[in-house]
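Asker: Take this sequence and fold it.
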Amino acid sequence: MAPRGFATIDFETSGLAPSRGARALEIAVVHSDADGVVTGRWDTLIAVDGSVGRSDIHRISRSALTHAPAFGGIAPRLLRLLRGRVVVAHNAGFDIRFLVAELALSGYHVDHPLISLCTQRLARTYLPGMRRSLRHLCEVFGIPLDGAHRASVDALATARLLECYIANTADRALFEEALDRAAAAPWRPHPGTPAEWYPREAAVAHSTWPSFARSGDATPPLPAQRGPAPM
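Answerer: Numbering: from 1, shown residues only. Take a look at the predicted model:
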């Protein structure tokens, strides 16, 4: 059985709704233990057909995706990273819609309840009256958010926000119930052939990263907590 814990996800996408043809361009996953402490992180660009949308926001160009795997290739590892864990996101409805839609396009249909928590909604409980954007909530807790709209940056900040929520509550019943339910969720293996994940740094190494994204905070350094996906 997979260890109890959280898997915080963040997508960068070509648009706002998969129902309108928008696709996932990048995903990051951050593992945290039952106390919310970050234990590992992974991210990859994702190849798509068609438009990449607002490159001025997410700084992902079509050339950056030249060597990236399709979603069907990253899905086997992604499901191993999610198995047994509570899926966490900021504005979770957005990310979960893309997760379910991309899995369906790759031939995998989620046939069990997906146990999730939304750090944006949780702010109503832990920071009532505050603005609930990720940037503002991170400022309240002193969490760095340099390079927003990069999946790995946003996912790590969201995971740290979750850790602050957990650390600042005496009643963990909500989190414990979610952890127990997620541990029992029956994720099936993905039938696809696994592909190597391809983070933004790999695109830079291949010289396919756009010149407009090479300066500023497009690729800020992150803590060295990468690791292999659980088997």
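Asker: partner residues bridging V29?
Answerer: I9, W42 (DSSP bridges).
Asker: That one: how many residues sit nearby?
Answerer: Using other Cβ atoms under 10 Å, V29 has 25 neighbouring residues. Quick note: C-beta positions are derived from backbone N, CA and C, even for glycine.
Asker: quick one: contacts for it?
Answerer: Residues near V29 by Cβ atoms under 8 Å, 6 or more residues apart in numbering: A7, T8, I9, R41, W42, D43, L78, L81, L82, A155.
Asker: tell me what the lowest-mean-pLDDT helix or strand in the chain is packed against?
Answerer: Least confident helix or strand, the chain: helix 55-58 with a mean of 84, by mean pLDDT, DSSP states H and E. The contact analysis (3 or more Cβ pairs under 8 Å, 6 or more residues apart in numbering; DSSP states H and E) places helix 55-58 against no helix or strand.
Asker: switch to 10 Å and redo it
Answerer: Secondary-structure packing of helix 55-58 (3 or more Cβ pairs under 10 Å, 6 or more residues apart in numbering; DSSP states H and E): strand 5-13, strand 24-32.
Asker: Looking at the contacts of V29, state which has the most neighbours.
Answerer: That'd be T8 among the contacts of V29, by other Cβ under 10 Å, with 32 neighbours.
Asker: For that residue, give me its contacts.
Answerer: 28-32, 36, 38, 41, 85-90, 92, 95, 117, 119, 154-163 (Cβ atoms under 10 Å, 6 or more residues apart in numbering).
Asker: switch the cut-off to 6 Å
Answerer: Residues near T8 by Cβ atoms under 6 Å, 6 or more residues apart in numbering: V30, V88, A155, T158, A159.
Asker: And the pLDDT at it?
Answerer: Note for T8: predicted pLDDT of 99.
Asker: nearest residue to L65 other than its sequence neighbours?
Answerer: A47 (5.0 Å; Cβ to Cβ, 6 or more residues apart in numbering).
Asker: which SSE is the one you found in?
Answerer: Counting by DSSP states H and E, no helix or strand carries A47.
Asker: I figured it hits A68, correct?
Answerer: Yes - counting by Cβ atoms under 6 Å, A47 touches A68, with 4.4 Å between them.
Asker: which of those two has more neighbours?
Answerer: A direct count of neighbours by other Cβ under 10 Å for A47 and A68 places A68 higher, at 27 against 19.
Asker: ranges for the strands of this protein?
Answerer: 5-13, 24-32, 38-45, 85-89, 116-118 (DSSP state E).
Asker: So for W187, which of the ones you listed sits nearest?
Answerer: W187 lies closest to strand 85-89 among those, at 9.5 Å (Cβ to Cβ).
Asker: residues making contact with the closest one?
Answerer: 5-9, 95, 115-117, 162, 178-179, 182.
Asker: same check, this time on stretch 178-189
Answerer: R4, A34, L79, R83, G84, R85, V86, H112, I115, L117.
Asker: Please apply the same query to stretch 111-119.
Answerer: Residues from elsewhere that reach stretch 111-119 (Cβ under 6 Å, 6+ apart): 86-88, 90, 92, 96, 158, 161-162, 178, 181-182, 185-186.
Asker: can you put those residues in CSV and add pLDDT?
Answerer: Converted to CSV, the contacts of stretch 111-119 look like this (pLDDT from 0 to 100):
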residue, pLDDT
V86, 98
V87, 99
V88, 99
H90, 98
A92, 98
I96, 98
T158, 98
L161, 97
L162, 98
A178, 98
R181, 97
A182, 97
A185, 92
P186, 88
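Asker: May I ask which two of the residues you listed are separated the most?
Answerer: L161 and P186 (28.8 Å).
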